[in-house]
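Visitor: test case, fold it:
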Amino acid sequence: MAILSPSKARRLRTHRGKTTQQVIVFQMQRDWFALPIFAVKKVVPKSEIQGNYYSSGAGLTIYEGRELLILDIHYQVFGNRRNQTSSSDLLADAPALESAESLDSLSTEGYLLIVRNRQEELVGLPVISSPTVRRVAQSDIVPLPPNYAARVNIQFVSGLIVQTDGHPILFLLNPDQLLHTQPLLPPSF
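Guide: Numbering: from 1, shown residues only. Here you go, the predicted model:
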């Protein structure tokens, strides 16, 4: 019989009887996001991003010999709030938030989360710090408050993960919505 360490025994006790889900957790600026673990194909070192990434929140890179859409998830979820904050304001808060993502989006530092939807389409999400795997109780996943969702016009988020252990709220991303494509050209008359 295996001997359990006190910390492992405590973890096992807290998870017994609860339905849990594994998620990949990462930070973008001041906010924390999570993706279901099955949606993340791979985490790789970030490569050069080209295109209109800083202005539009989307760019391109090459992954496994093919072009890969890169999304600034903070921009995609909350919209272009960079115009409301000057770069000097971001630099003043640099230790508290990972402003390098905002100020140096084209850098090759950091990681790229390769995310897939149910149709096996891929998108890359650049992050500065290493993402982590976390197990959360199914009961900790709650819907977005309707008044918040309406006021902020939030997109791509299927719910919140509210943790009781002092960790911040996590925005749970929906990989199928992330990869939903919009037509680039307006319909012709």
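
Visitor: can you tell me the closest non-neighbouring residue to the most centrally placed residue in the chain?
Guide: The structure's the chain has its C-alpha centroid closest to residue 33; by C-alpha atoms, centre = their mean the separation is 4.4 Å. Residue nearest to residue 33 in three dimensions, not counting chain neighbours: residue 171, with 5.0 Å by C-beta to C-beta, 6 or more residues apart in numbering. No exception for glycine: its C-beta is placed from N, CA and C like everyone else's.

Visitor: what mean pLDDT does the helix or strand where that neighbour lies have?
Guide: If you go by DSSP states H and E, residue 171 is part of strand 170-173. When pLDDT is averaged along strand 170-173, the result is 92.

Visitor: neighbouring strands of that strand in the sheet, and parallel or not?
Guide: Partners of strand 170-173 in the sheet, by DSSP bridges, are strand 31-36 (parallel), strand 157-161 (antiparallel).

Visitor: tell me which residues in the shortest one are buried?
Guide: Neighbour counts using 16 or more other C-beta atoms under 10 Å place 157, 159-161 of strand 157-161 among the buried residues.

Visitor: what do you get for stretch 157-176?
Guide: 157, 159-161, 170-175.

Visitor: and if you look at stretch 134-152?
Guide: Judged by neighbour count (16+ other C-beta under 10 Å), stretch 134-152 contains these buried residues: 134, 136-137, 140-141, 144.

Visitor: adding pLDDT, secondary structure and distance to residue 70, write these out as CSV.
Guide: What follows is those, written out as CSV (pLDDT from 0 to 100; DSSP: H, G, I helix; E, B strand; the rest coil; distance: C-beta to C-beta, whole Å):
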residue, pLDDT, secondary structure, distance to residue 70
134, 92, strand, 24
136, 90, strand, 27
137, 90, strand, 32
140, 91, helix, 30
141, 92, strand, 27
144, 88, coil, 25
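
Visitor: between those residues, which is nearest residue 77?
Guide: Residue 77 has its nearest neighbour among the buried residues of stretch 134-152 in residue 144, at 11.2 Å by C-beta to C-beta.
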